[in-house]
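*Asks:* my questions are about this predicted structure, shown below with the sequence.
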Number of protein chains: 2
Amino acid sequence: MDTTQRTEQQRSADRRRRELLEAADRVVLRDGPQASMNAIAAEAGITKPILYRHFGDKGGLYAALAKRHTDALLDSLRAALDAPADRRERVEATLDTYLAAIEARPQVYRFLMHPAEGGQPGDPGFDVGKHSAPLLRRMGEELATVIEERLDLGPGTQQLARVWGHGIVGMMHAAGDWWLGERPCSRAELVHSLADLLWGRLAAAGDRMGGPGF
Amino acid sequence: MDTTQRTEQQRSADRRRRELLEAADRVVLRDGPQASMNAIAAEAGITKPILYRHFGDKGGLYAALAKRHTDALLDSLRAALDAPADRRERVEATLDTYLAAIEARPQVYRFLMHPAEGGQPGDPGFDVGKHSAPLLRRMGEELATVIEERLDLGPGTQQLARVWGHGIVGMMHAAGDWWLGERPCSRAELVHSLADLLWGRLAAAGDRMGGPGF
DNA sequence: AACTAGGGTTACCGCAAGTAACAAGCATCA
DNA sequence: TGATGCTTGTTACTTGCGGTAACCCTAGTT
């Protein structure tokens, strides 16, 4: 049981794991989230049990796959969030980064957002919360910490920052999802409209004639 | 082929359909979205093929089920949106109505939001967009029309209203989902925080010391 | 040569979706 | 009266996927 040897094996396993993930990636990109384990195994040039040895179950594989993409996306979002510019410009850059990402690889996006269930047929109880897309949660928390770090919101900053983090991410996500489906306007227009919303233009807008305003 | 007779049969079929939906509802409420067709049929006191005769496939049943709840929720949201009060109060009432609904029946909420896929293994192509939760889309469109009707946003109102509709709904949804999982604060606090966000407090907030503001 | 470790495969189980094919109850029509 | 059809229901099957058990084979160690 030599240490270097053990490390060597570890490395080999890790490399294999990465290869498998890349194969899985190709299949998911082609077939969507409902890609079967058989298909993924075939793409990787092997058979099912190996996948199960590496990832435990389908959820494990999908989680690993999701983590890769999520990490990548979060990195680029962080970059946009940290750019040297004023607040509005940064917000717009962040929105644009996100939208560009989902625009570039819709299949990946769909896979990340709709991992399709997470409860076993055997498990009777299942708790609401863990689900939804983990990506959304992570982005929300990430944004929350950024807001909390950089904004002065008086007492209750922490709570407020978290609510806003998740809220803004949700806004971005839903608008992006809709936009991706209908393409009613350019990306830049969408970004601008959303930033306007965050900048309070909703509250500032005037009523239309007839009846009390919204 | 008498008309009245045909109507009679139609009515009978509709009643049966409603009964089946109610049974399905109970099962989904108990077992979550991964409830099996067998279980639903058993709950209704019948067997699978009848369900398939009425709803085509599982997707059909789920769509019918989702429509019921979605309609109900949309009705209460419309009521909140139409209440006689000023804009901020209405927004808060609407947020609160939504949150109260998901708080009261988390299982239903989860079912509506994560219908679990929509693509057949046979269909090779599948387009991003149709998916996501139809509920989100419907709420977004609904809110968009309300905004467009009541707010004067100058040229481009229509586009802006739709973006905002979907964006606000997404904000509400993501924040609600997170809140439901962690319960970090009271419903009222959440509502207030979200309304503050929409009222531009993000843009108005001061920077914290050190580095440029968010 | 004998033994063990990993990477690999075949062949299977269980279970859920979906589909014939068949069996009443009950009206209508010759 | 009986034959005809339509709706309602059933049993029994097929297919396909997630997941697993049992076995195989090659390489390196002693």
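*Replies:* Now that the structure is in, tell me what you want to look at.
*Asks:* quick one, what contacts the closest residue to DNA strand C within chain A?
*Replies:* Closest contact between chain A and DNA strand C, by CB to the nearest atom of the strand, is at A:Thr47 (3.4 Å). (Each C-beta comes from the backbone N, C-alpha and C, glycine too.) By CB atoms under 8 Å, 6 or more residues apart in numbering or on different chains, A:Thr47 lies in contact with A:Ala41.
*Asks:* roughly how far does it sit from DNA strand D?
*Replies:* Here A:Thr47 is placed at a distance of 8 Å from DNA strand D (CB to the nearest atom of the strand, to the nearest Å).
*Asks:* so how far is B:Asp57 from the closest residue to A:His54 other than its chain neighbours?
*Replies:* Leaving aside its sequence neighbours, A:His54 sits nearest to A:Arg17 (CB to CB, 6 or more residues apart in numbering or on different chains; 5.5 Å). As judged by CB to CB, to the nearest Å, A:Arg17 and B:Asp57 stand 37 Å apart.
*Asks:* and what of A:Leu81?
*Replies:* Between A:Leu81 and B:Asp57 the distance is 44 Å, computed by CB to CB.
*Asks:* contact partners for A:Arg162?
*Replies:* By CB under 8 Å, 6+ apart, the contact list for A:Arg162 reads A:140-141, A:144, A:148, B:178, B:184.
*Asks:* could you redo the last one with a cut-off of 7 Å?
*Replies:* By CB atoms under 7 Å, 6 or more residues apart in numbering or on different chains, the contact list for A:Arg162 reads A:144, B:184.
*Asks:* ok but it is inside a helix, no?
*Replies:* Yes: under DSSP: H, G, I helix; E, B strand; the rest coil, A:Arg162 sits within a helix.
*Asks:* state the pLDDT value of it.
*Replies:* In this prediction, A:Arg162 carries a pLDDT score of 98.
*Asks:* skipping adjacent residues, who's closest to A:Leu198 in space?
*Replies:* Using CB to CB, 6+ apart and skipping residues adjacent in sequence, the residue nearest A:Leu198 is B:Leu202, 5.5 Å away.
*Asks:* quick check: the residue most central in space within chain A vs A:Leu65, distance?
*Replies:* In chain A, the C-alpha nearest the mean C-alpha coordinate belongs to A:Leu135, at 3.3 Å (CA atoms, centre = their mean). To A:Leu65, A:Leu135 is 12 Å away according to CB to CB.
*Asks:* try A:Met113
*Replies:* 13 Å.
*Asks:* same question for A:Gly165.
*Replies:* A:Gly165 sits 25 Å away from A:Leu65, taking CB to CB as the criterion.
*Asks:* okay, now the unreliable bits of chain A?
*Replies:* For chain A, the stretches with pLDDT under 70 are A:1-11, A:114-132, A:209-214.
*Asks:* as a check, name the ranges of all helices in it.
*Replies:* Ranges of helices in chain A, per DSSP state H, are A:3-31, A:37-43, A:48-55, A:58-82, A:87-104, A:106-113, A:134-150, A:157-182, A:187-198, A:201-204.
*Asks:* and those, which is most packed in?
*Replies:* Ranked by mean neighbour count, the helices of chain A are led by helix A:157-182 with a mean of 24 (mean count of other CB atoms under 10 Å in any protein chain shown).
*Asks:* domain-wise, how is chain A divided?
*Replies:* Domain assignment of chain A by automatic domain parsing yields the ranges A:1-56, A:66-204.
*Asks:* identify the residue spatially nearest to A:Met113, adjacent ones excluded.
*Replies:* Counting by CB to CB, 6+ apart, A:Met113 lies nearest to A:Ala133, which is 4.6 Å off, once chain neighbours are set aside.
*Asks:* repeat for A:Gly140
*Replies:* In space, A:Gly140 is closest to A:His166, 3.6 Å off (CB to CB, 6+ apart).
*Asks:* what about the residue nearest to A:Met113, how many residues close to it?
*Replies:* Using other CB atoms under 10 Å in any protein chain shown, the number of residues around A:Ala133 comes to 20.
*Asks:* correct me, but it touches A:Arg110?
*Replies:* No: A:Ala133 lies out of contact with A:Arg110 (CB atoms under 7 Å); the separation is 10.3 Å.
*Asks:* my guess is A:Ile168 meets A:Ala144, correct?
*Replies:* No: A:Ile168 lies out of contact with A:Ala144 (CB under 7 Å); the separation is 9.2 Å.
*Asks:* give the contact list for the closest residue to A:Tyr52 other than its chain neighbours.
*Replies:* Nearest non-adjacent residue to A:Tyr52, counting by CB to CB, 6+ apart: A:Met37, 7.8 Å away. Neighbour list for A:Met37: A:48, A:51, A:58 [criterion: CB under 7 Å, 6+ apart].
*Asks:* correct me, but the second one touches A:Leu61?
*Replies:* So the one you mean is A:Leu51. Yes: A:Leu51 is within contact range of A:Leu61, at 6.3 Å (criterion: CB under 7 Å).
*Asks:* stretch A:79-91 close to chain B?
*Replies:* Yes: under the criterion of CB under 7 Å from any CB of the partner chain, chain B is reached by stretch A:79-91 at A:84, A:87, A:90.
*Asks:* ok, now how distant is A:Asp96 from A:Leu180?
*Replies:* Going from A:Asp96 to A:Leu180 by CB to CB gives 14 Å.
*Asks:* ok so, going back, over to the residue of chain A closest to DNA strand C: give its phi and psi.
*Replies:* Note on A:Thr47: backbone dihedrals following degrees, to the nearest 10 are phi -120, psi 170.
*Asks:* now the one 10 residues further on
*Replies:* The phi and psi values for A:Asp57, taken as degrees, to the nearest 10, are phi -150, psi -180.
*Asks:* and it, how far is that from DNA strand D?
*Replies:* A:Asp57 is 4 Å from DNA strand D, where distance means CB to the nearest atom of the strand.
*Asks:* what sits against A:Val108?
*Replies:* A:Val108 is in contact with A:29, A:69, counting by CB under 7 Å, 6+ apart.
*Asks:* A:Leu77 reaches A:Ala93, doesn't it?
*Replies:* No: assessed by CB under 7 Å, A:Leu77 is found out of contact with A:Ala93, at 9.5 Å.
*Asks:* next, show the common contact partners of these two.
*Replies:* Counting by CB under 7 Å, 6+ apart, A:Leu77 and A:Ala93 have no shared contacts at all.
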